[in-house]
Structures are given as C-alpha cells and as structure tokens.
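**Student:** Return atomic coordinates for the entry below.
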Amino acid sequence: MPRVQNGDVSIYYETQGSGPPILLGHGYASSNKMWEPQLAPFSSKYRLITWEMRGHARSDSPADPDEYSAEKTIQDMKLVLEAEGVDRAIVVGFSLTGYFAASFYIAHPEMVTALVLFGTGPGYRNPVGREGWNKYAIARANELDRRGLESLPPDSTEVHIGLDLQKSPAGLAHAGRGMLTQSDDRVMKALPSIGVPTLVIVGDRDEPFLVASDYMAAKIPDSRLVVIKDAGHPANLHQPGAFNDAVLSFLDEVSAG
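**Tutor:** The predicted structure is shown next:
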C-alpha cells in the first residue's frame, strides 16, 4: 500500500475508486478500518484516499514528542494529496480529523472543494473550556502510558474495529498530548470565512458534539446540518445506510455544481 514521507515520518494511506477525489480521515485511536461501510458505495463514484494519522495504526509513531502537532498533521494531509497528484479534494474528517479538516481549509483553501465535518467541533473560544479539554486529552495519554491499549474505551466502536492495527500505545499517547490538545481558537474564529460547501453531520446520540455541530452549521456560510437518528459518535458505523445517503447526496450536489 502507498506511503508518503514527511521528513523521517512515513504516513500510510489507501486509494480506491475513480472520480472526484475525497480525502477521508479517522478519529483519535482509530484507523482507516472505520470507513469500511463507506468504501463500496463511495468508491463507485469517487476516488477515495483514506489516510492514517501519525502515531496511529500503520503510519509511523516517532519517539520524539515534538513530531506530533496540528501543523505536522496538516502537512501530512497535504503531502498525501500531492503524492496522488490531487490539486483539490473534498476533505472529510471525523472527530479529531474533522477539526483538522477545518484547519486544513484554513491553511490551504485552494486545495479544498468541499468539507464534511463529522462528529466534531471547532475547539473552544473560552480558555477554561479549552483547558478542560486538554486535561481530558492528557489524561487519556497518561492512561495509554500506564495501561497501554487496554486503556482505550471499550464502547468506542470506531476504535475497536481497527484495534488489531494499533501497534504503538506510546505513539497514541504522543498524539494525545500533541494533536488532541488545542492551543487557541483559530478554527472557531475562521468558521465564517470558510468559502466552500460544507456538510456538518452528527449522530443524535453524540451528546458531546450536538451543540458544536449546530454552532458550526450556523457560522459556516454555505453549510447544512444533518443529524443521523439512532446513532452515537461513529454514526457511519451505527447507521451506515442513513449516513451514506446523506453524504452521497451532498457529494453529488457538490460534484454537479
């Protein structure tokens, strides 16, 4: 399978299908396997590029904690697209990579045709809220250092579907401290400047991200909000049919326009 180098770090990705390109990112402590219910229906019309974050699954897990940051992750996304000769793509991100998808648009708007922000949020304007989130992220990293992969939440479907691919608890811990934590409110401030069609999609039982999804849909000018019934955080796994219909409807409109 293809890989791309960012300095000494090798990033794993896969491609499937043909048509307008879509870059799909997974959640924290997950892998490309979380997209299995989407591969066949999406690749019948689109060229899928699924990538794995540094510290995760089949991508490298460097020992240096400084190798884990939002900036380096955005570089990884850009290099994957460039390796595939893609000038512009529909960028789809779930949870942590949803935040990075919006960040990628801020850094490289010329490379984004449309956004799908799935089960995610724009960060925190309030420093107290951001501090609380960062304490949560660091606590998860500390548990990975202490207990390894056994510390991952047992009810996280998107994590356990690809648990056999995770090879570095230390890499996940570094990613927790360097990528899951947040340092500012730049994404939240930039929402009104997002100038591409955007789908905000969330499960109706994904309590931590319902308000955030409403907020993003209200602030991004050309956006729509879809709430998937009877679904939690990984709505694409809980209700794949409804999720696929909603996303493909949006993608088909973007591609036709």
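**Student:** what sits against residue 252?
**Tutor:** By C-beta atoms under 8 Å, 6 or more residues apart in numbering, the contact set of residue 252 is residue 45. (Glycine included, C-beta is placed from N, CA and C.)
**Student:** Name the SS class of it, please.
**Tutor:** Following DSSP: H, G, I helix; E, B strand; the rest coil, the label given to residue 252 is helix.
**Student:** and the closest residue to residue 240 other than its chain neighbours, what does it touch?
**Tutor:** When the adjacent residues along the chain are set aside, residue 240 lies closest to residue 37, with 3.7 Å between them (C-beta to C-beta, 6 or more residues apart in numbering). The neighbours of residue 37, taking C-beta under 8 Å, 6+ apart as the test, are 236, 237, 240, 243, 244.
**Student:** Serialize those residues to a markdown table and add fields for neighbour count, secondary structure and distance to residue 186.
**Tutor:** Listed next are the contacts of residue 37 as a markdown table, based on neighbours: other C-beta atoms under 10 Å; DSSP: H, G, I helix; E, B strand; the rest coil; distance: C-beta to C-beta, whole Å:
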| residue | neighbour count | secondary structure | distance to residue 186 |
| --- | --- | --- | --- |
| 236 | 28 | helix | 27 |
| 237 | 19 | helix | 30 |
| 240 | 17 | helix | 33 |
| 243 | 22 | helix | 29 |
| 244 | 16 | helix | 32 |
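**Student:** Among those, find me the one that's closest to residue 158.
**Tutor:** Nearest to residue 158 among the contacts of residue 37 is residue 237, at 6.2 Å by C-beta to C-beta.
**Student:** The nearest residue to that closest one once chain neighbours are set aside - how many residues pack around it?
**Tutor:** Excluding its sequence neighbours, the residue lying closest to residue 237 (C-beta to C-beta, 6+ apart) is residue 157, at 5.1 Å. Close neighbours of residue 157, defined as other C-beta atoms under 10 Å, add up to 15.
**Student:** Could you report the pLDDT at residue 257?
**Tutor:** Predicted confidence (pLDDT) for residue 257: 79.
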